[in-house]
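> need a structure here:
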Amino acid sequence: MAASSSSAAADSRPPKYDVFISFRGEDTRKGFTSHLYSALSGKQIEAYIDEESLEKGDDISRALPEAIEQSEISIVVFSENYGESHWCLDELVHILKRREEKDQIVLPIFYNIDPSHIRNQKETYAAAFVKHEERFEMEKVQKWRQALKDAAAISGWNSRNMSESKILEEVVERVKRELDTIMSKRSDVCNGLVGIPKRLEKIKSYLDSPAVRVGIWGMGGIGKTTLAIAAFDRFHNDYEGSYLAHDVRENAINKGLNTLKKEVYSELLGDKQLDTSPSAVNHKLSRKRILLVLDDVENPMQFEDLVGDPYRFCPGSKIIVTSRHKLKVDEEYKVEVLDSDDACKLFYLKAFGHESCRSRFEEIAGRVVKYTKGHPLALKVLGASVFCFLESIEDWGKELEKLKRIPNDDIRKVLERSYDALDAEQKGLFLDIACFFKGQQRDFVEGILEDKPITGLVNKSLITIEDGRICMHDLIQEMGRDIVYQSTHILGERSRLWIAKDVSFVLNNNRGTEETEGISLPWIDQVVRLRPDVFEKMCNLRLLKIYNARQDVHSRPYRKGKVEVEVKVKVKVYINRDLKYLPNELRYLHWEDYPGKSLPSNFKPHNLVELHMPNSNLEQLWDGVQELRSLKHINLHESSGLTKIPDLSQAPKLESINLCGCKKLRSFPKLPRNIEVLQELDLSFCSKLESFPMLSGLCSLTHLYLRGCNIREIPDWLGSLTSLTELNLRRNSFDRIPASIGMLYNLKKLDISDCYDLRSLPELPLFIESVNAQCCRSLEMVSTLRSTLTMGRWLDKYDGDGGKIYTQREFSFEDCRKLGKDAINNIFWEFLYKVFCTATTPREIVVSKVCDNKKSGIFFFFLLKSI
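The predicted model follows:
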């Protein structure tokens, strides 16, 4: 068993090379094969070629077969004299053996040779074999003949029918595609995605068909989401646009279907400001081949509302949808349980850490697999949460007997055993995620939940982490929520409330108790009226999240763009007077459209991590200095009645503050002297602010937004904000920017547009990439060009494969009416001079200069395109 395991482990190691190239040196080494090797290397494809890859001292008779075995793909370049070399023929035999035994991919190229000459050993190949039969044993010669015949029958490229450049292009593209598939399959195995490759082949056949809508359906926990994500990861690069919408059913409840639809199509079409009118969306969809994956759609109506008419999509577009129910689609795939082999592999992977079983556990493990009937989720959870901790066969047997007392068809009860194995802290963490935080970012959730690590839940397969996001299977989430739901029939005594009608009942009737730890009120189409003392009995409330349904501010066309038109706001949650009480245990306070004027005076927010209250009626938060030792994020944007922010000097952990649109805010509060983590501050459109906030020496700040604040003076200490990468000062009233801005060496983007009083622009940081000075109508002097615009860093743009397309920098001085033409020409020609000076390698230089004589403005957009 040990030797077998060792051999299997060695065979499972990733090969050393991507490609092995077999060729006749004297025919193609300095020509076609060298070009092929360069083309592959240019795409970071590791190719073995004897001249380049053999190390000194290597035995060529041993090195070449080893290289073939350590390669994913073999490319055979057949040429006129390939058949003369017994080395080449031995290579070919070995390559075809690997193809037969290990499914190695073989790609033949027929370079200036007719494939039939190889297949039938004619012309030069006939002459070569006359000599071979004189020198070698007939058995070896027959193997060579058969190898040539078999290889010539494989579809490949013929240089007599195609140009050399076209062959190279297609071969490299094919190799890349095959390697992507191989790497994806290997990743599937590493990530425990057992059985997925076979299922993906079926999905691919649907994607290659005329079908637009492909449905994946089956029972809960069967692997629908896993398959959909794997399909997205494997195929999304084949489309011009793609988007994976997770948890459609739950997000439709929490956000509303219209909000979700806008989010889906904005992401899919790459337009955050997407016009969501049907005609505009249809127009964009008709011009772009897309792949849209909708995971966990609840019913046919929801699917129809999200997708609409399939014929509005561009030809070649595909929609993949997962659901527990059959939907109206063009092709459907029902996900079945795993077959016995794959079921064993998955269980072994979770219980033992690899796809093989310890010999003494084979019989009992087989019984466990049989018990689960191949259900993937049950296999994963039982393997990772129960059996992996049991050391003896006797313990396994006892655990299996316990499981057998549970009805076989009740998977949820099986999963509940993994919950029972958690300690008290892990149980609370699990229930918080199941009820409130599924789909949220890991860092955010760990911060809210007292920095409790969630690794234990990952190790027990109760949650997974994907792109930093916490994912939980629907069946596991339902189990967690059902544990809370079944704990008591009295709503106010449940630890967590998330169902709209339950939350509404408890809040409307003041039924909360000290048992209540978390409340989430999703979008609700009914009025909730709160008493001022509604939270008084909920002394242990840690999490409070209230969404409000209301009409938004609309906009209508006007001659000079769009202007906001106020409409009546319809709020769904009312309080007769300001709240009297909020629990001091609160760590997460998220209340959109909060109707009160302030928070309770007796509220002590020392545990508060996140304060998220956008569009509120708040005029102030609280009086005096509060201890805010845990506070990381403040978001009060569009709280238009807010007049002041309390002292924040006791909040050393603040990372972001968003006060955008707080139009009555007159001053910015004092910050802690030792604050080292504040990265983002947005005071945009705080139009009463007038003075620059005191931020001197705040070295951690990376993003500062002060649009439309009527600021009259920029302080000289601006240069002390050394970490700034983006500074937005648009629509302010200052007439100068201090020279210290040149000390902001990390600054990449500066927006000073619509600063009508600005007269001069000092020398800017060397590496700045974007300057927007549009409509600076008093701007007369720009002293930044020679040292900055001509010495700055280029902004590289890349294609989907990571190859650089062009290098770009952008500077706009449109509608700068007092900027003289001499100054404009100096800007342009000095910058152009440096462009040519920096083009040290062959490049195509594209320069775009746009001048409007009426406005005396200038806009430069420079590209350096790699040839």
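> wait, R24 touches E84, no?
Yes: if you go by C-beta atoms under 8 Å, R24 and E84 touch, sitting 7.3 Å apart. Glycine gets a C-beta too; all of them are placed from N, C-alpha and C.
> now do the shared contacts for those two.
Common contacts of R24 and E84, defined by C-beta atoms under 8 Å, 6 or more residues apart in numbering, are absent altogether.
> just give me how far the strand or helix carrying L260 sits from the chain centre.
In the assignment (DSSP states H and E), L260 maps to helix 257-269. The chain centre lies 16 Å from the centre of helix 257-269; the measure is C-alpha atoms, centre = their mean, to the nearest Å.
> what lies in contact with that helix?
Counting by C-beta under 8 Å, 6+ apart, 241-243, 245, 248, 251-252, 255, 272, 274, 276, 281, 284-285, 288, 290, 292, 294, 302, 305-306 sit against helix 257-269.
> and those, which are buried?
241-243, 245, 248, 251-252, 255, 274, 281, 284-285, 288, 290, 292, 294, 302, 306 (16 or more other C-beta atoms under 10 Å).
> these in strands, which ones?
241-243, 245, 290, 292, 294 (DSSP state E).
> just curious, which of these is nearest to L449?
Proximity of these to L449 (C-beta to C-beta) peaks at A245, which lies at 26.0 Å.
> tell me how far that closest one lies from I222.
20 Å (C-beta to C-beta, to the nearest Å).
> before we move on, what about E331?
Noted for E331: a distance of 18 Å to I222, by C-beta to C-beta.
> neighbour count winner among the two?
I222 (23 against 19; other C-beta atoms under 10 Å).
> could you find the closest non-adjacent residue to that one?
Nearest non-adjacent residue to I222, counting by C-beta to C-beta, 6 or more residues apart in numbering: V335, 4.8 Å away.
> that neighbour and L227 touch, don't they?
Yes: here V335 reaches L227: they are 6.3 Å apart, a contact under C-beta under 8 Å.
> quick one: which of those two has more around it?
Shown here are V335 and L227; by other C-beta under 10 Å, L227 has more neighbours (23 against 20).
> could I get the pLDDT score of the nearest residue to the more buried one once chain neighbours are set aside?
Excluding the flanking residues, the one nearest L227 by C-beta to C-beta, 6+ apart is R199, at 5.4 Å. For R199, the model assigns a pLDDT of 88.
> need the three-state assignment for R199.
Classification of R199 using DSSP: H, G, I helix; E, B strand; the rest coil returns helix.
> let's verify M183: helix, strand, or coil?
helix.
> if I look at it, how far off is I229?
Counting by C-beta to C-beta, the gap from M183 to I229 is 16 Å.
> neighbour count winner among those two?
I229 (19 against 13).
> I'd guessed that one sits against E466; true?
Yes: under the criterion of C-beta under 8 Å, I229 makes contact with E466 at 7.5 Å.
> what is the neighbour count of E619?
14.
> contacts for the strand or helix carrying L349?
Using DSSP H and E, the element containing L349 is helix 340-352. With contact meaning C-beta under 8 Å, 6+ apart, helix 340-352 is reached by 192, 194-195, 337-338, 354-358, 361, 365-366, 368-369, 372, 374, 376, 379-380, 382-384, 387-388, 461.
> against S504, how distant is the closest residue to L541 other than its chain neighbours?
Nearest residue to L541 in three dimensions, chain neighbours excluded: P583, at 4.3 Å (C-beta to C-beta, 6+ apart). To S504, P583 is 20 Å away according to C-beta to C-beta.
> go on, L521?
7 Å.
> look at the two and report which has more neighbours.
Each of L521 and S504 has its neighbours counted (other C-beta under 10 Å); L521 has more, 24 against 19.
> all helices of the stretch 251-400 of the chain, in order?
257-269, 278-285, 300-307, 340-352, 362-372, 376-385, 393-404 (DSSP state H, counting those that start in this stretch).
> likewise the stretch 101-250 of the chain?
Going by DSSP H, counting those that start in this stretch, the stretch 101-250 of the chain shows helices at 115-119, 124-135, 138-152, 164-190, 196-207, 224-235, 248-255.
> least reliable of those helices going by mean pLDDT?
helix 164-190 (a mean of 78).
> helices and strands around it, which ones?
Contact here means 3 or more C-beta pairs under 8 Å, 6 or more residues apart in numbering; DSSP states H and E; on that basis helix 164-190 packs against strand 17-23, helix 32-42, strand 71-78, strand 105-110, strand 157-158, helix 196-207, helix 224-235.
> could these be laid out in a markdown table, adding distance to L457?
Conversion of the helices and strands packed on helix 164-190 to a markdown table gives the following (distance: least, C-beta to C-beta, whole Å):
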| stretch | distance to L457 |
| --- | --- |
| strand 17-23 | 37 |
| helix 32-42 | 43 |
| strand 71-78 | 36 |
| strand 105-110 | 40 |
| strand 157-158 | 51 |
| helix 196-207 | 23 |
| helix 224-235 | 18 |
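> S696 is nearest to which of the ones you listed?
helix 224-235 (47.0 Å).
> list the buried residues of the closest one.
Those buried within helix 224-235 under the rule 16+ other C-beta under 10 Å are 224-232, 234-235.
> which of the ones in strands among the buried ones among the contacts of helix 257-269 sit farthest apart?
Largest separation among those by C-beta to C-beta: G241 and L294, giving 14.7 Å.
> E780 and R736, how far apart?
From E780 over to R736 the distance is 11 Å, taken as C-beta to C-beta.
> common neighbours of these two, please.
Counting by C-beta under 8 Å, 6+ apart, the residues touching both E780 and R736 are 759-760.
> got the angle for the helix holding L260 vs helix 278-285?
30 degrees (axes from the mean of the first three to the mean of the last three C-alpha atoms, to 10 degrees).
> check the secondary structure at the closest residue to K380 other than its chain neighbours for me.
Nearest non-adjacent residue to K380, counting by C-beta to C-beta, 6+ apart: S461, 4.6 Å away. S461 falls in the coil class when you classify it by three-state DSSP.
> got a list of what S461 touches?
By C-beta under 8 Å, 6+ apart, the residues touching S461 are 350, 380-381, 383-385, 418.
> which of those residues scores worst on pLDDT?
S385 (68).
> rebuild the ones in strands among the buried ones among the contacts of helix 257-269 as TSV, extending it with pLDDT.
Output for those, formatted as TSV (pLDDT from 0 to 100):
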residue	pLDDT
G241	86
S242	88
Y243	91
A245	91
I290	91
L292	94
L294	94
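> of the residues you listed, which is the nearest to S723?
Distances from S723 to those, taken by C-beta to C-beta, are shortest for Y243, at 32.7 Å.
> once you drop chain neighbours, what's closest to that closest one?
Per C-beta to C-beta, 6+ apart, closest to Y243 is L268, 4.1 Å.
> the one you found: neighbour count?
21.
> tell me the spacing between it and I393.
When L268 is compared with I393 (using C-beta to C-beta), they lie 52 Å apart.
> same check, this time on G215
For G215 relative to I393 (C-beta to C-beta), the value is 43 Å.
> of those two, who's got more company?
More crowded of G215 and I393, by other C-beta under 10 Å: G215, with 25 against 14.
> who does that one bridge with?
Note on G215: beta-bridge partners by DSSP bridges are V321, E332.
> so for it, what's the pLDDT?
On the pLDDT scale, G215 gets 93.
> ditto for L257
85.
> number of residues surrounding it?
16.
> same check on I490?
The burial count for I490: 11, using other C-beta under 10 Å.
> got the phi and psi for it?
Phi and psi for I490, reported as degrees, to the nearest 10, are phi -90, psi 110.
> can you give me the helices in the stretch 401-550 of the chain?
411-420, 424-432, 442-448, 455-459, 474-487, 500-508.
> okay, the ones you listed in CSV with distance to I657 next?
Formatted as CSV, the helices of the stretch 401-550 of the chain follow (distance: least, C-beta to C-beta, whole Å):
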stretch, distance to I657
helix 411-420, 39
helix 424-432, 26
helix 442-448, 16
helix 455-459, 31
helix 474-487, 33
helix 500-508, 29
